[in-house]
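*Asks:* coordinates for the following, if possible.
(chains A and B)
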Amino acid sequence: GAVVSQHPSRVICKSGTSVKIECRSLDFQATTMFWYRQFPKKSLMLMATSNEGSKATYEQGVEKDKFLINHASLTLSTLTVTSAHPEDSSFYICSARPTSGMSNEQFFGPGTRLTVL
Amino acid sequence: QKEVEQDPGPLSVPEGAIVSLNCTYSNSAFQYFMWYRQYSRKGPELLMYTYSSGNKEDGRFTAQVDKSSKYISLFIRDSQPSDSATYLCAMSFTGGGNKLTFGTGTQLKVEL
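*Replies:* Presented below is the predicted three-dimensional model:
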């Protein structure tokens, strides 16, 4: 149980295009999902907290117009990187916190590697 | 000072060794403590979740929390080459927006 999927697993795009990444909780409902960014050999950096049915909360320094988050249902959150540039190339990981169960447990997706040319 | 300190390693041990991974933290509000394992180019996998001082055992893994010293540990017994990965400690507290604060991760290599 507690499986989180991400799609796509890898994407290469041209500079200036937008890329959408999906995060799904497959066997549980998640009122709250989180989006992280990870640079090589570095820890995870929280970008934003996504709450079902409401606006996402962004961490300091993260551009909300650049990284659009939509949490349309209890099992799906999407991150759209708008007008992507090479500096946006990174490993993006989502996590989901079950609506029921242990209060602060989070389960992570397998990540999406974005390369912007 | 970072909220959570973790030695990045790399840590190299022979197969069968007992591995000790540690994190210290400065925020006494942290209540929930987690250990994640992350293989290269994969998402973190939850290994252990604890919310009180003391020990919790699951197979070859034991998580230890000492809130008085603000110190947590993960022990791996009979380490295997498949345990080679980066181990991340993470912690959170009620009222913290359910956010996790991560350590930098310790890279572990178990050699044959």
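
*Asks:* from here on, just use CA atoms for contacts and neighbour counts.
*Replies:* OK.

*Asks:* so A:Arg24 touches A:Val4, yeah?
*Replies:* Yes. Assessed by Cα atoms under 8 Å, A:Arg24 is found in contact with A:Val4 at 5.6 Å.

*Asks:* in contact with the closest residue to chain B within chain A, which residues?
*Replies:* Going by Cα to the nearest Cα, chain B is nearest to A:Pro110 of chain A, at 4.0 Å. A:Pro110 makes contact with A:4-6, A:9, A:93, B:42-44, according to Cα atoms under 8 Å, 6 or more residues apart in numbering or on different chains.

*Asks:* and stretch B:23-39, anywhere near chain A?
*Replies:* Yes. With Cα under 8 Å from any Cα of the partner chain as the criterion, chain A is reached by stretch B:23-39 at B:Tyr32.

*Asks:* can you point out the buried residues in that stretch?
*Replies:* B:23-25, B:30-39 (16 or more other Cα atoms under 10 Å in any protein chain shown).

*Asks:* straight-line length of that stretch, end to end?
*Replies:* 19 Å (Cα to Cα, to the nearest Å).

*Asks:* also stretch A:85-96?
*Replies:* Taking Cα to Cα as the measure, stretch A:85-96 stretches 27 Å from start to finish.

*Asks:* now do that stretch, average pLDDT.
*Replies:* The average pLDDT within stretch A:85-96 is 96.

*Asks:* name the residues that touch that stretch?
*Replies:* A:4, A:6, A:14-16, A:23, A:25, A:30, A:32-39, A:106-117, B:43.

*Asks:* do the same with stretch B:81-95
*Replies:* Here stretch B:81-95 has contacts from A:43, A:104, B:6, B:15, B:21, B:23, B:29-40, B:98-112, using Cα under 8 Å, 6+ apart.

*Asks:* what about that stretch, how long is it end to end?
*Replies:* First-to-last residue span, stretch B:81-95, Cα to Cα: 39 Å.

*Asks:* can you pull out the low-pLDDT segments for the chain?
*Replies:* No chain was given, so I picked chain A. A:1, A:101-104 (pLDDT under 70).

*Asks:* my bad, chain B
*Replies:* For chain B, the stretches with pLDDT under 70 are B:1.
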